[in-house]
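>>> what's the 3D shape of this:
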Amino acid sequence: MLMPGLAVACSVLLLMQHKARLFPGIALAASALELLMALGILHLSTGSVPLALILGAAIAIAGVAVWLKTSSKPIVSATTVLTLIGALQVASALHLRLL
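Alright, predicted model coming up:
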């Protein structure tokens, strides 16, 4: 629950401080869905593709997209956290061993 909560907090920071709202909004929606699923409030499933893979990729792509267009230190920090969380979730969904 720590990673989805941290992703939501970073997404909210991006939404409040970044001028463009599309990618921070995507990151917030994906991370909020993951947080609700981690808390057991929401239960979603997809047919063939793991939902964790889709949401993790959305978070990582949104983080990279915002990171490429900013130079503000708080936004760079938040996008770095989002990108790492998304990448870890994608790796986990693909059953990759990182260590």
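
>>> and whichever helix or strand residue 75 is part of, what other elements does it pack with?
Secondary structure assignment for residue 75, by DSSP states H and E: helix 73-93. Judged by 3 or more CB pairs under 8 Å, 6 or more residues apart in numbering; DSSP states H and E, helix 73-93 is in contact with helix 2-17, helix 22-38, helix 51-68. In short, each C-beta sits where N, CA and C put it, glycine included.

>>> the last one - contacts with which helices or strands?
Right, the one you point to is helix 51-68. Here helix 51-68 touches helix 2-17, helix 22-38, helix 73-93, going by 3+ CB pairs under 8 Å, 6+ apart.

>>> what's the angle from the shortest one to helix 51-68?
On the basis of axes from the mean of the first three to the mean of the last three CA atoms, to 10 degrees, helix 2-17 is oriented at 40 degrees to helix 51-68.

>>> all further residue positions should be reported with the first residue as 418.
Shifting the count to begin at 418 puts that one at helix 419-434.

>>> just the CA trace of helix 419-434, in PDB.
Presented in PDB, the C-alpha positions along helix 419-434 are these (Å, rounded to 0.1, in the frame of the first residue of the first chain):
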ATOM      1  CA  LEU A 419       3.000   2.300   0.400                       C
ATOM      2  CA  MET A 420       3.800   2.500  -3.300                       C
ATOM      3  CA  PRO A 421       0.300   3.200  -4.500                       C
ATOM      4  CA  GLY A 422      -0.100   5.800  -1.800                       C
ATOM      5  CA  LEU A 423       3.200   7.400  -2.700                       C
ATOM      6  CA  ALA A 424       2.200   7.400  -6.400                       C
ATOM      7  CA  VAL A 425      -1.100   9.200  -5.600                       C
ATOM      8  CA  ALA A 426       0.700  11.800  -3.500                       C
ATOM      9  CA  CYS A 427       3.300  12.500  -6.300                       C
ATOM     10  CA  SER A 428       0.500  12.600  -8.900                       C
ATOM     11  CA  VAL A 429      -1.400  15.200  -6.900                       C
ATOM     12  CA  LEU A 430       1.800  17.300  -6.600                       C
ATOM     13  CA  LEU A 431       2.300  17.100 -10.300                       C
ATOM     14  CA  LEU A 432      -1.400  18.000 -11.000                       C
ATOM     15  CA  MET A 433      -1.100  21.000  -8.800                       C
ATOM     16  CA  GLN A 434       2.300  22.300  -9.900                       C
END
